[in-house]
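Student: Make a model of this:
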Amino acid sequence: FSIISSVFFGIFVSFSAENKKDLYSLEDISDVRQFHLSPAASELLRKNGFAVSPAYYKEISDIYLECKDTNQPIFITTDAVLHTGHIFFDYLLRILEVEKLYDSAVELTDRMLELSIEQFREAHTENVKEAARLNIGFLYRLKVS
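Tutor: Numbers count the residues shown, from 1 in each chain. Reported below is the predicted structural model:
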């Protein structure tokens with residue numbers, strides 16, 4: 001009995017991905033008119049299989065809600081997945097900041113202010129006293145704001 005273990009990521013083969021024919025025919029889409037595509041967008045859709053146009057949506061989720069409400073198929077793209085991940089990560093950071101980091105930052109600022117006041121009182125040179133004074137001013141403003 002022997003166990004052979006190896007890590008194999010794959011074989012990469014180069015090939016041409018030129019589009020030599022139209023991928024889609026807009027005539028095959030029964031409700032294409034409901035999208036009110038410009039001639040340029042229609043041409044891009046025919047040529048590439050997708051088109052990007054300005055929209056009035058404020059949030060990316062509004063697009064999917066409208067598709068759900070109007071019973072349209074939902075096409076989820078990688079940028080939508082990445083955007084959703086970014087929104088989730090941003091939310092996670094905000095929660096972390098409020099629930100964990102804020103109190104630590106306040107404690108750190110308070111302690112730094114105390115130490116700067118001590119340094120100011122015990123300073124033997126004007127340069128050290130001035131640096132401590134500037135620190136006190138900065139840290140005090142953080143504390144009261």
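Student: mind checking the longest helix of the chain?
Tutor: helix 102-122 (DSSP state H).
Student: how about that one: buried residues?
Tutor: Buried residues in helix 102-122, defined by neighbour count with 16 or more other Cβ atoms under 10 Å: M112, L113, S116, I117, Q119, F120. The way it works is simple: take the backbone N, C-alpha and C, and place the C-beta from them, glycine included.
Student: before we move on, what about stretch 85-102?
Tutor: Buried, per 16+ other Cβ under 10 Å, within stretch 85-102: nothing.
Student: Could you give the separation of that stretch from the chain centroid?
Tutor: 12 Å (Cα atoms, centre = their mean, to the nearest Å).
Student: got the CA positions of that stretch in PDB?
Tutor: Extracted in PDB, the C-alpha atoms of stretch 85-102 (Å, rounded to 0.1, in the frame of the first residue of the first chain):
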ATOM      1  CA  GLY A  85     -18.300  40.900  -1.600                       C
ATOM      2  CA  HIS A  86     -17.000  44.400  -1.300                       C
ATOM      3  CA  ILE A  87     -20.300  45.700   0.200                       C
ATOM      4  CA  PHE A  88     -20.200  42.800   2.700                       C
ATOM      5  CA  PHE A  89     -16.500  43.500   3.600                       C
ATOM      6  CA  ASP A  90     -17.300  47.200   4.100                       C
ATOM      7  CA  TYR A  91     -20.200  46.400   6.400                       C
ATOM      8  CA  LEU A  92     -18.000  43.900   8.300                       C
ATOM      9  CA  LEU A  93     -15.400  46.600   8.800                       C
ATOM     10  CA  ARG A  94     -18.000  49.100  10.000                       C
ATOM     11  CA  ILE A  95     -19.300  46.700  12.600                       C
ATOM     12  CA  LEU A  96     -15.800  45.800  13.700                       C
ATOM     13  CA  GLU A  97     -15.000  49.500  14.000                       C
ATOM     14  CA  VAL A  98     -18.100  50.200  16.100                       C
ATOM     15  CA  GLU A  99     -18.100  47.100  18.300                       C
ATOM     16  CA  LYS A 100     -14.400  46.500  18.800                       C
ATOM     17  CA  LEU A 101     -12.000  49.100  17.600                       C
ATOM     18  CA  TYR A 102     -13.700  52.300  18.800                       C
END
